[in-house]
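K.L.:
What follows is a predicted protein model with its sequence.
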Amino acid sequence: MISLLQAHPAYTGTVHLHNFLRWVIIIALILSLINAFKGKNGKETLVLMISSHVMLLLGLVQWFVGELGLKQIKSMGMGAAMKNPVIRFFSVEHALMMIIAIVLITIGHRAAKTNQPKTKWFFVAALAIILLMTPWPWREAGRGLFPGMH
């Protein structure tokens, strides 16, 4: 059952913005990674860090007030939520792994600012996590490629 909040245009806008920022982050991350392998530091790492932190805030709003996060865990119980692959993906796997990816992006941004050679490995790990844990349309827990698509 969809809650009144989830049907609210502001919540839908949050979901769409979260979906749109996926592309901003992936593009900025790939550009940051290319520059890191070249030994350069551009402004794309700052764009990457800011957009990933905004994405985190939007994701936390969805986790706390949406139907696929805390509400499901509370209503179903953790055991039942973990047995449902879609609920488990959004309420535990996606949330936890994306937080880890954002931590890696933040560390990578700091490393890029000081021109450390290990910068690229933070970005490689973050990109791998993001690509693996994104709810792509072909996943059981999938969403559309672009905002508004189902």
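P.N.:
Perfect, I can see it now.
K.L.:
how about the most centrally placed residue in the chain, what does it touch?
P.N.:
Note on the chain: the residue nearest the mean C-alpha position is Met98, at 4.7 Å, using C-alpha atoms, centre = their mean. Taking C-beta atoms under 8 Å, 6 or more residues apart in numbering as the criterion, Met98 is in contact with 55-56, 59, 129-130, 133. For glycine as for every other residue, the C-beta is placed from the backbone atoms N, C-alpha and C.
K.L.:
is it possible to export the residues you listed to JSON lines including secondary structure and neighbour count?
P.N.:
Below are the contacts of Met98 laid out as JSON lines (DSSP: H, G, I helix; E, B strand; the rest coil; neighbours: other C-beta atoms under 10 Å):
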{"residue": "Met55", "secondary structure": "helix", "neighbour count": "23"}
{"residue": "Leu56", "secondary structure": "helix", "neighbour count": "20"}
{"residue": "Gly59", "secondary structure": "helix", "neighbour count": "22"}
{"residue": "Ile129", "secondary structure": "helix", "neighbour count": "18"}
{"residue": "Ile130", "secondary structure": "helix", "neighbour count": "21"}
{"residue": "Met133", "secondary structure": "helix", "neighbour count": "18"}
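K.L.:
Out of these, flag the one nearest to His8.
P.N.:
Proximity of the contacts of Met98 to His8 (C-beta to C-beta) peaks at Gly59, which lies at 17.4 Å.
K.L.:
okay but the closest one is in contact with Ala95, surely?
P.N.:
Yes: Gly59 is within contact range of Ala95, at 6.8 Å (criterion: C-beta atoms under 8 Å).
K.L.:
Any stretches of this structure with poor pLDDT?
P.N.:
Residues of the chain meeting the criterion pLDDT under 70: 1-7, 147, 149-150.
K.L.:
Where is the longest helix in the chain?
P.N.:
Criterion DSSP state H: the longest helix present in the chain is helix 9-38.
K.L.:
For Val54, identify the helix or strand it belongs to.
P.N.:
If you go by DSSP states H and E, Val54 is part of helix 44-65.
K.L.:
Pull out the buried residues from that helix.
P.N.:
By neighbour count on 16 or more other C-beta atoms under 10 Å, the buried set for helix 44-65 is 44-45, 47-49, 51-52, 55-56, 58-59, 61-63, 65.
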